[in-house]
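[1] Provide a 3D model corresponding to the input given below.
(one chain, ligands or ions: 1)
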Amino acid sequence: MNNRQIMIAFADQHLAPYVIRNDELIPDFCPICHGGENGDKHTFALNLNEGVYVCKRGSCGVRGRFEDLSERFGERADIVRSSTPKSKRSFALPNTE
Ligand SMILES: [Zn+2]
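    Purely as a prediction, here's the structure:
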């Protein structure tokens with residue numbers, strides 16, 4: 001299974017019902033705050049490319065890596081991360097003459 005399939009399999013078990021929009025997997029309710037008192041929907045998104053999640057509810061605001069999320073559910077995530085940082089910034093100094 002690739003990362004995406006692993007995350008979707010996890011979501012099938014723990015985050016359903018959900019929708020996938022572009023590369024984001026969005027369950028009806030955040031698995032951490034469950035939408036809070038107002039039952040806010042679709043505040044949570046799991047990015048299937050980056051393997052990171054975030055909840056946009058102000059009083060929740062959880063964010064982290066998929067591995068952390070699966071740990072909350074007592075599972076071990078086996079997604080593969082490349083060891084190279086994803087943003088390769090060049091810190092070339094400007095030419096000051
Ligand atoms: Zn939340």
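
[2] tell me the contacts of the residue positioned nearest the centre of the chain?
    In the chain, the centroid-proximal residue (CA atoms, centre = their mean) is residue 53; its distance is 2.2 Å. Applying CB atoms under 8 Å, 6 or more residues apart in numbering to residue 53 gives the contacts 44-47, 62-66, 69. (Glycine included, C-beta is placed from N, CA and C.)

[3] which secondary structure element is home to residue 4?
    helix 3-14 (DSSP states H and E).

[4] could you list the contact residues of the chain toward the ion?
    Applying CB under 5 Å from the ion, we find that the chain lies next to the ion at 30, 32-33, 55, 57, 60.

[5] go with 6 Å
    Proximity of the chain to the ion (CB under 6 Å from the ion) is limited to residues 30, 32-33, 43-44, 55, 57, 60, 62.

[6] mind listing the helices for this protein?
    3-14, 66-72 (DSSP state H).

[7] would JSON lines of those helices with mean pLDDT and mean neighbour count be doable?
    JSON lines is the format used below for these (pLDDT from 0 to 100; neighbours: other CB atoms under 10 Å):
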{"stretch": "helix 3-14", "mean pLDDT": "96", "mean neighbour count": "16"}
{"stretch": "helix 66-72", "mean pLDDT": "96", "mean neighbour count": "17"}
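
[8] before we move on, the earlier item: what packs against the helix holding residue 4?
    strand 24-27, helix 66-72 (3 or more CB pairs under 8 Å, 6 or more residues apart in numbering; DSSP states H and E).

[9] tell me which strands and helices the longest one is in contact with?
    Read that as helix 66-72. So helix 66-72, by 3+ CB pairs under 8 Å, 6+ apart, packs with helix 3-14, strand 52-55.

[10] ok so, going back, the residues of the chain next to the ion in strands, which ones?
    Judged by DSSP state E, strands contain the following of the residues of the chain next to the ion: 44, 55.

[11] any chance of the residues of the chain next to the ion in CSV with neighbour count and pLDDT as columns?
    Listed next are the residues of the chain next to the ion as CSV, based on neighbours: other CB atoms under 10 Å; pLDDT from 0 to 100:
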residue, neighbour count, pLDDT
30, 25, 98
32, 17, 96
33, 17, 97
43, 21, 98
44, 29, 98
55, 22, 98
57, 17, 96
60, 18, 97
62, 17, 97
